[in-house]
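J.: Here is the input, now give the coordinates:
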Amino acid sequence: MAGNERVWRRLLNGWMAIVGRFAFVQTLLLLLLLYLFMIGPTSILMALARRDQLAKRGLGGEGSAWCTADTAPPDLERAKLLS
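T.: Numbers count the residues shown, from 1 in each chain. Predicted structure coming up:
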């Protein structure tokens, strides 16, 4: 019975090695297709439309992109709602 188990273990290890290589290739292929058909064209369209999603174009020589948040001042009632 132990010899039979060793044969199955060797077959399983061999199969896992083959499947591991297929999984690696499949992952690369899926990521390539995602980039080619979704991310690439979207970035090209954004560049052609001159959209600035991160609002970096207007920084120029200001040196900082810090924006103050529009939030209410902290108080006890607000803190009670958050907890």
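J.: and Arg78, what is it in contact with?
T.: Ala72 (Cβ atoms under 8 Å, 6 or more residues apart in numbering). For the C-beta atoms, the positions are set from N, CA and C on the backbone; glycine is no exception.
J.: Scan the protein for its longest helix.
T.: helix 2-34 (DSSP state H).
J.: So which other helices or strands are in contact with the helix or strand just after that one?
T.: Using DSSP states H and E, the helix or strand that directly follows helix 2-34 along the chain is helix 40-48. Other helices and strands packing on helix 40-48, by 3 or more Cβ pairs under 8 Å, 6 or more residues apart in numbering; DSSP states H and E, are absent; none qualifies.
J.: and after helix 40-48, which helix or strand comes next?
T.: Per DSSP H and E, the helix or strand that comes after helix 40-48 is helix 76-82.
J.: how about the CA coordinates for that next one, as PDB?
T.: Extracted C-alpha coordinates of helix 76-82, given in PDB (Å, rounded to 0.1, in the frame of the first residue of the first chain):
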ATOM      1  CA  LEU A  76     -18.500  66.300  21.200                       C
ATOM      2  CA  GLU A  77     -21.800  65.500  19.300                       C
ATOM      3  CA  ARG A  78     -19.900  64.600  16.200                       C
ATOM      4  CA  ALA A  79     -17.500  62.400  18.100                       C
ATOM      5  CA  LYS A  80     -20.500  60.500  19.600                       C
ATOM      6  CA  LEU A  81     -21.900  59.900  16.200                       C
ATOM      7  CA  LEU A  82     -18.600  58.400  15.000                       C
END
